[in-house]
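Peer 1: Below are the sequence and a predicted model; questions follow.
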Amino acid sequence: MLKIIQYFKENPTMFQLLKEEKISLIGVSEVEKVSILEAFEEDVKQESAFWG
């Protein structure tokens, strides 16, 4: 899961497509997908707060 989040950090367009359900993650359950989306968004919020 960490590698997926790192990939989205490097490719934010892909994250947006996943969020809009225009792409899917093969072999990842809906629960896992939601967890990945939440973790990525939380990571971005923390970075924003850190850098001001």
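Peer 2: On my side now, so go ahead. Residues are numbered from 1 along each chain as shown.

Peer 1: Pull out the buried residues from the longest helix seen in the chain.
Peer 2: Assignment by DSSP state H gives helix 30-51 as the longest helix of the chain. By 16 or more other C-beta atoms under 10 Å, the buried positions in helix 30-51 come out as Lys33, Ile36, Phe40. The way it works is simple: take the backbone N, C-alpha and C, and place the C-beta from them, glycine included.

Peer 1: In TSV: those residues, plus distance to Phe15.
Peer 2: Below are the buried residues of helix 30-51 laid out as TSV (distance: C-beta to C-beta, whole Å):
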residue	distance to Phe15
Lys33	12
Ile36	9
Phe40	6
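
Peer 1: between those residues, which is nearest Phe8?
Peer 2: Phe40 (5.1 Å; C-beta to C-beta).

Peer 1: ok, so what distance separates the closest one from Leu25?
Peer 2: 12 Å (C-beta to C-beta, to the nearest Å).

Peer 1: how about low-confidence regions in the protein?
Peer 2: Along the chain, the model assigns pLDDT under 70 to residues 44, 47-52.

Peer 1: Mind doing that once more with 80?
Peer 2: For the chain, applying pLDDT under 80 flags the ranges 1, 43-52.

Peer 1: which of the buried residues of helix 30-51 lies closest to Asn11?
Peer 2: Phe40 (11.1 Å).

Peer 1: show me what contacts the closest one?
Peer 2: By C-beta atoms under 8 Å, 6 or more residues apart in numbering, the residues touching Phe40 are Ile5, Phe8, Lys9, Phe15.

Peer 1: In contact with the closest residue to Lys19 other than its chain neighbours, which residues are there?
Peer 2: Spatial nearest neighbour of Lys19, excluding adjacent residues (C-beta to C-beta, 6 or more residues apart in numbering): Leu37 at 6.2 Å. Taking C-beta under 8 Å, 6+ apart, we find Leu37 in contact with Phe15, Leu18, Lys19.
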